[in-house]
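>>> sequence and predicted structure below; questions after.
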Amino acid sequence: MAAVSFTAAKFLAPVAARSDGDRPAPFLPAPSSAMPLRRSRPAQRLLAVSSDVLAGNKAAPAAAAQPAVTREEALELYEDMVLGRNFEDMCAQMYYRGKMFGFVHLYNGQEAVSTGFIKLLNQPDCVVSTYRDHVHALSKGVPARSVMAELFGKATGCCRGQGGSMHMFSEPHNVLGGFAFIGEGIPVATGAAFAAKYRHEVLKQSSPDGLDVTLAFFGDGTANNGQFFECLNMAQLWKLPIVFIVENNLWAIGMSHIRATSDPEIWKKGPAFGMPGVHVDGMDVLKVREVAKEAIDRARRGEGPTLVECETYRFRGHSLADPDELRRPDEKSHYATRDPIMSLKKYIIEQSLASEAELKSIEKRIDDVVEEAVDFADASPLPPRSQLLENVFADPKGFGIGPDGKYRCEDPKFTQGTAQV
C-alpha cells in the first residue's frame, strides 16, 4: 500500500451522513475510505468501518491492500500484541484471586493501537496514557515484572507500589503516566511536546532523527472535554511534535459513543484546528502502523500535530468490576471475530513471513515471561511505611518529616489522626 499522505484531499475520511431524525445503531462511529466527505444520503445510517454484518450487509467491502512489513517487523508486532493480551488475561486472574485492589481496566481487543503506534517510537519519545495503561507501558519497553509488581502494590513496581493500575510511570522509558481522570493526561502530553520543541529549537539539543515525539492516548469519552480542545489549539498553534490518538472503543464506560456526542466523527475535530484528522480501523495493526508512521514522521520533521481516531473495541467490561451487561451480545460477538491478534497471525502465515510453529514458540515464550512476572511480583516486598508521604509534598519537611528528622508516619500515633501529631 502506498504511504498515507495527510493532505486536505486525504485526511477527510468519507462517511455516510445521517440526519437528526435518523437514529443510528447505538455503537457505530464513522467509516473510512479514500473518497471525500459526502452529505448526499441523509437517510443512511452512520456505520462503523467494521459494521457491515450488524447493518445487514452480507457482502463485506473489498479489503484494502496491506502495507508491507518485513519478517522481523511482523514478528515484533505479533510478540508485542501477544504480550499485551496474555498479561491482561493474567491480571484478570490475579484480580479475582485478591492479588490486586481497586479498579483494574484491561486492554483486551485494543492491542493493535498500542503496538501499531508505540513500536515505531525511539527511546526518547514519550507516551502519555489513561487509566487503561498497562499495555502502553509494556509496548514502550517497561518490563512485565515491573508492571505486574506495580499492580500488586509492591516496592519493586515501576512506581514503587504507589501508582497501581491506573498510574504507570517510568522515567527511563519516558512513560509519563497513566491518569485516572479522563483528559487529565492530554495537557501533560502537550507540555512534553512543548519541552521537546524547546530543547530542539532553543537549547539546540537536537537528535539526528529530528524532534522527539509524544503520543497522547485517550478514549472517545474524552473528546468532548475542554482540555482536549484547548490542547489541540495549542499544539497546532505552536506546531508541537505530538500525535493525539483517540482509542474509540465505542463506549465511554456504559455510554454509547453515538448517544454521547453531537458529531461522532472525532477525527473531524483535527481539521477544525488546522491539523490533519484521520480515521483508521483500530482492529488492524498494519493499517494502524501505516497511519502512525506518517503521523509520527511529520511530527518529527516539525510539521506539527495529527489527530488519529482508531476505531477499536474492548473485549471485556469497562473494568474488572463491570459485569458488561449494557453492550449487545451480537455486537460483542461481531467484534470478537475481528480479533486483531488473530488477524495478524493469519496475515503472517498467508504471507509466509513465519510458520505457525514459530508463532507458537513466541506464544510460549510470552507465557513464561508473564508467569515469571507474577512470581516476581508475589515474592517482592511491600513498600515500607516510611515511603507513605514521599513524593506528596514539595517540601517533605513541612509535614512528612518531623523535627527529629524522622518520617511522621513512623510515629505510632500517626494513624490515630494527623491533626494531633
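Thanks, I have the structure now. Residues are numbered from 1 along each chain as shown.
>>> let me see the ranges of the strands in the stretch 251-400 of the chain.
Secondary structure of the stretch 251-400 of the chain (DSSP state E, counting those that start in this stretch): strands located at 251-252, 255-256, 277-281, 306-311.
>>> who does the longest one touch, helix- and strand-wise?
In terms of contact count using 3 or more Cβ pairs under 8 Å, 6 or more residues apart in numbering; DSSP states H and E, strand 306-311 is assigned the packing partners strand 242-248, helix 269-272, strand 277-281, helix 285-300. The way it works is simple: take the backbone N, C-alpha and C, and place the C-beta from them, glycine included.
>>> switch those over to JSON lines; also include mean neighbour count and mean pLDDT.
Below are the helices and strands packed on strand 306-311 laid out as JSON lines (neighbours: other Cβ atoms under 10 Å; pLDDT from 0 to 100):
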{"stretch": "strand 242-248", "mean neighbour count": "29", "mean pLDDT": "98"}
{"stretch": "helix 269-272", "mean neighbour count": "18", "mean pLDDT": "96"}
{"stretch": "strand 277-281", "mean neighbour count": "25", "mean pLDDT": "97"}
{"stretch": "helix 285-300", "mean neighbour count": "23", "mean pLDDT": "97"}
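>>> go through those and name the closest to residue 377.
strand 242-248 (26.3 Å; Cβ to Cβ).
>>> show me what contacts residue 359?
78, 345, 348, 349 (Cβ atoms under 8 Å, 6 or more residues apart in numbering).
>>> okay, the residue nearest to residue 249 when sequence neighbours are not counted: pLDDT?
Nearest-residue entry for residue 249: residue 314, 4.7 Å, with adjacent residues in sequence omitted and distances by Cβ to Cβ, 6 or more residues apart in numbering. If you check residue 314, the pLDDT there is 96.
>>> check residue 283 too.
97.
>>> was I right to think it contacts residue 116?
No - counting by Cβ atoms under 8 Å, residue 283 stays clear of residue 116, with 10.5 Å between them.
>>> the more surrounded of these two?
More crowded of residue 283 and residue 116, by other Cβ atoms under 10 Å: residue 116, with 29 against 24.
>>> coming back round to it: closest to residue 319 out of the strands of the stretch 251-400 of the chain?
strand 251-252 (12.2 Å).
>>> what bridges to residue 246?
Residue 246 has these beta-bridge partners by DSSP bridges: residue 218, residue 309.
>>> okay, stretch 214-229 in CSV with CA atoms only?
Taking Å, rounded to 0.1, in the frame of the first residue of the first chain, the C-alpha atoms of stretch 214-229 are listed here in CSV:
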residue,chain,number,x,y,z
THR,A,214,4.9,12.5,22.2
LEU,A,215,1.9,10.2,21.8
ALA,A,216,-1.2,11.2,23.8
PHE,A,217,-3.7,8.3,24.2
PHE,A,218,-7.2,8.8,25.3
GLY,A,219,-10.7,7.5,24.7
ASP,A,220,-13.8,8.6,22.8
GLY,A,221,-15.4,9.9,26.0
THR,A,222,-12.5,12.4,26.5
ALA,A,223,-13.1,14.0,23.1
ASN,A,224,-15.9,16.1,24.5
ASN,A,225,-13.8,17.5,27.3
GLY,A,226,-12.5,21.1,27.4
GLN,A,227,-8.8,20.3,27.8
PHE,A,228,-8.9,18.2,24.6
PHE,A,229,-9.9,21.3,22.6
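>>> now do the helices in this protein.
Under the criterion DSSP state H, the chain contains helices at 71-96, 111-118, 134-139, 144-151, 185-201, 226-237, 257-260, 269-272, 285-300, 329-336, 340-350, 356-379.
>>> which one of the helices and strands packed on strand 306-311 lies nearest to residue 224?
Among the helices and strands packed on strand 306-311, helix 269-272 sits nearest to residue 224 (Cβ to Cβ), with 9.8 Å.
>>> now for that closest one, which elements pack on it?
Using 3+ Cβ pairs under 8 Å, 6+ apart: helix 269-272 touches helix 226-237, strand 277-281, strand 306-311.
>>> pick the most buried one from these.
Mean neighbours per residue, mean count of other Cβ atoms under 10 Å, is largest over the helices and strands packed on helix 269-272 for strand 306-311, with a mean of 29.
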